[in-house]
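Student: take this sequence and fold it.
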Amino acid sequence: MTGVAVDAGTGADVAEVELTVVVPAYNEEHRLGPTLRSIADHLRKSRFAGWELIVVDDGSTDGTRAVAEAAAAEEPSVHVVSGDVNHGKGHALRLGVCASYGRRVLVTDADLATPIEELDRLDRELTEAGATAVIGSRALPGASIETHQHLARELLGRGGNFLIRAVAVPGIKDTQCGFKLFDGDRAREAFAATRVDGWAIDVEVLQYFRRKDWPLAEVPVRWAHQEGSKVRPRDYAGVLAELAALRTRRLPGRGRRPRAARDPRNLAVAGLFLLAAFLLQVGRWVDPGGRYLPDSLQDQNQWEWFFAVTADNVLHLRNPLFTDLQGFPDGVNLMANTVMLGLSVPFAPITELLGPAVSLALVMTLGLAATAYAWYWLIRRRLDVGRAAAVTGAALAAFAPPMVSHANAHPNFVVLFMLPLIVDRALRLCEGTRVVRDGVLLGLFTAYQVFLGEEPLLLAAMGLLLFAIGYAVVRRDVAREAIRPLARGVGIALAVFLPIVAFPLWWQFFGPGSYHSVLHGDGAGNSPLALLSFAERSLAGDRETADGLALNITEQNAFYGWPLVLLAFAIVVRLWERPVVKALAWTALAAAVLSLGPEFRIPGTDTVLTGPWRALAHQPLFESVIESRVAMVCAPALGMLVALGIHQLVTARGVRRPHRVAGLAAVAAALLPIVPGPLHTVDRAEVPEFVADGTWRDYVDTAAGESLVPVPLPDPGAAEALHWQTTAGLGFRLPGGYFNGPYGEDRKGIYGAVPRHTSNLLREVAVSGRVPQLSKAWREQARADLEFWRAGALVVAPQRHTEALRATLEGLLGRKGTWIGGVLVWDLQGGS
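Tutor: Numbering: from 1, shown residues only. Below is the predicted model:
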């Protein structure tokens, strides 16, 4: 709702109304005149070029109306709204606010107990903190009470205010101070929805803002008791009575519906994100069991196996934290691998009925859409931007190039819908509104995220800490207020979190198959060029460039592109006065620098610099992190900056239409190059008939503990045998495999099973095609390794160097294999 301001001298229309001041008045003939003059004098000198002052005469029986009309005759920006009967302050405020046109609306009492000069403090908070309403408070540190009420009156007032806060608006320390500044459109909506006519309207309006998740802020103000105040101590009891009446008016069975149900546009947004996730994954949906993502390397085989083995454990009431189906006979610590128990367990029935390929496709598609919607919800709630801006920012956060890269292979880095919820609960704790509830929920949310992915949780904690540091530096007052409720809430969260995860984490770090850390070697950090270049799947990307700047195609952890970096820089410069923008910019910059690793080379030079990651590289937990992944923290930070930039473009006053269009075009030009194409898929390799039709059962006695040994043994570079195993319903055990497990006495983490001499030999033959000279020692070693693996049969599928493998195995075993069901088989135990 907008309006026209009137020039005080000419009466001409000059600009939009930037500020409306609403003053309710009842029998205020002696104080009203000086109050209106003070307000008008201040507004003429303020930053508000267009303003209006609305006086609401609530049925006064003295000369209040005449005083107001006289002021309106002198100053055209003063308007009078009159009523014949006194209804109460709530009725008067509702009339005045609903009659307003200001982009911002200030409500203040006729006695001007809070000086009009305090408006500047509230205006600054509304601008910088991103709030939609700012409450002048007499109860916050920094407030100045220049003239106190009588002690008994003040104590009664404090007690009443305490009860109101506890019952109706927890977290707001002074609901009844009459000096409040609102976003105009939201104020008009909220006041129009009120039902009380008395003093409780302040509380009812604040409750409405809370229900809408519109951010509230409270700032300390100067205040002085004025003789003749209309507020009496018993009025606080009246407020409680009005609030009780509001509750009784709510009909049974008519509770709040979910927001998505109340606003179908949110359902449309969810549908849009689901469509985007489906289009990204459309190649695998053509035939989930028959299509393969080659850019997943071997991870699709691994993840389908994770879902299959979890379903098998759950449905057969076995320990979901361990299995010996891979890495036989030592087995695999599933908690120490990213099996995503938080989804693979509830998806067990689907996995059992439709297969692990369908389960994985569903998780990747639905999880990515849910993640995008969760970021959308957080951006709308916390940044108070328009729907289109929030959709764009959330899409960037969820579908950024690093996320698309991981969508090939790593569901735990794509399905991140819990992270926005965790961030929101942490921010709620800072507000101190419902510390116990928010602490409990934070503990539950964090515990659940542990079973979705621990490394993303660690990165999210790093990002949240960076943001907190940045925001605390620019808003130290807010940080001081947040410390106590945050510390208390985190303590409650830990009390909830630790009992849930204690045993699973003990199993992960100390149980069978546990390990201490996984070393990724040198060069795991980003090149500075990776932050400015384009990913392979991005519209402007090419594989050769991306491959040269990343560990592999599933680890393109930056690649935001130089146009987006320039756009973010421009947004930060334009909105620099906002603390949240400074904190987001610091978060993105710090994460980008950390992602460069312990040392990095300046592009185009031989200069190598030490990076801040060096301080974390060998610390517990961080030593297993691939440092280039820290740049993924930039995705939501950039998404939020873009959302703020779009909102500013769309809503900024005084921006001409051509400039607005040009700005939005610049945003599109920065985002278009990183729009992803569908993930690449190919026909999946056929499972040999020997496995698919069950012939293997004639050669492997599973009851006697025998295993099936594919040649070469499955490892992180060639794990197709895992697909054989899931096709066979996990009927046989496999030595080797693709997982994380321990190596050596110090139990350092490695990828795959502990290599043995024979497995190394067979892998070398498969790669090189050269048949080695085989001595007696080699044959004895092969016999020992086969006994260790409890091999029932050796199986060689057709491959590049089949003949070399055949000759090597004949030399090791002293007999020929047999072609059965499309594979070459050595029956080691004479069949079952």
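Student: OK, contacts around Gly367?
Tutor: Gly367 makes contacts with Leu343, Pro411, Val414, Val415, Leu416, Phe417, as judged by CB atoms under 8 Å, 6 or more residues apart in numbering. Bear in mind the C-beta positions are built from the backbone N, C-alpha and C, glycine included.
Student: neighbours of the third one, just the number please.
Tutor: Read it as Val414. By other CB atoms under 10 Å, 27 other residues sit near Val414.
Student: wait, what's in contact with it?
Tutor: By CB under 8 Å, 6+ apart, the contact list for Val414 reads Met364, Gly367, Leu368, Thr371, Met403, His406, Ala407.
Student: for the residues you listed, give me a markdown table that also has distance to Arg37 and secondary structure.
Tutor: Formatted as a markdown table, the contacts of Val414 follow (distance: CB to CB, whole Å; DSSP: H, G, I helix; E, B strand; the rest coil):
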| residue | distance to Arg37 | secondary structure |
| --- | --- | --- |
| Met364 | 66 | helix |
| Gly367 | 62 | helix |
| Leu368 | 60 | helix |
| Thr371 | 56 | helix |
| Met403 | 59 | helix |
| His406 | 64 | helix |
| Ala407 | 64 | helix |
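Student: buried set for stretch 780-792?
Tutor: With burial defined by 16 or more other CB atoms under 10 Å, the residues of stretch 780-792 counted as buried are Gln781, Ala782, Asp785, Leu786, Trp789, Arg790, Ala791, Gly792.
Student: which single one of the contacts of Val414 is nearest to Val80?
Tutor: Checking the contacts of Val414 against Val80 with CB to CB, the nearest one is Thr371 at 53.2 Å.
Student: and the closest one, what does it touch?
Tutor: For Thr371, the contact set (CB under 8 Å, 6+ apart) comprises Ala397, Ala398, Val414, Val415, Leu416, Phe417, Leu419, Pro420.
Student: with the residues you listed in mind, which one is nearest to Leu122?
Tutor: Pro420 (29.4 Å).
Student: which strands and helices lie in contact with the strand or helix carrying that closest one?
Tutor: According to DSSP states H and E, Pro420 maps onto helix 418-431. Under the contact criterion of 3 or more CB pairs under 8 Å, 6 or more residues apart in numbering; DSSP states H and E, helix 418-431 touches helix 356-383, helix 435-450, helix 454-474, helix 476-510.
Student: of those, which approaches Tyr560 most closely?
Tutor: Among the helices and strands packed on helix 418-431, if distance is taken as CB to CB, the winner is helix 454-474, at 15.2 Å.
Student: now the closest one against helix 418-431, angle please.
Tutor: Counting by axes from the mean of the first three to the mean of the last three CA atoms, to 10 degrees, helix 454-474 lies at 30 degrees to helix 418-431.
Student: and helix 454-474, average pLDDT?
Tutor: Across helix 454-474, pLDDT averages out at 97.
Student: looking at this, Leu824 is in a strand?
Tutor: Yes. Assessed with DSSP: H, G, I helix; E, B strand; the rest coil, Leu824 lies in a strand.
Student: who does it form a beta bridge with?
Tutor: Going by DSSP bridges, Leu824 is paired in beta bridges with Val796, Trp819.
Student: neighbours around it, how many?
Tutor: 20.
Student: surely it meets Lys816?
Tutor: No. Under the criterion of CB atoms under 8 Å, Leu824 makes no contact with Lys816, lying 9.0 Å away.
Student: per-residue confidence at Pro714?
Tutor: 97.
Student: now do Ala245
Tutor: Looking at Ala245, the pLDDT reads 57.
Student: and Ala260, by the same measure?
Tutor: 46.
Student: highest average neighbour count across the helices and strands packed on helix 418-431?
Tutor: Mean neighbour count (mean count of other CB atoms under 10 Å) peaks for helix 356-383 among the helices and strands packed on helix 418-431, with a mean of 23.
Student: taking helix 418-431 as reference, get the angle to that one.
Tutor: Going by the same axes, to 10 degrees, helix 356-383 makes 30 degrees with helix 418-431.
Student: helix 356-383: what's the following helix or strand?
Tutor: Assignment by DSSP H and E places the next element after helix 356-383 at helix 387-399.
Student: where does the prediction get shaky in the chain?
Tutor: The model of the chain has pLDDT under 70 over residues 1-15, 146-171, 199, 226-262, 521, 653, 830-832.
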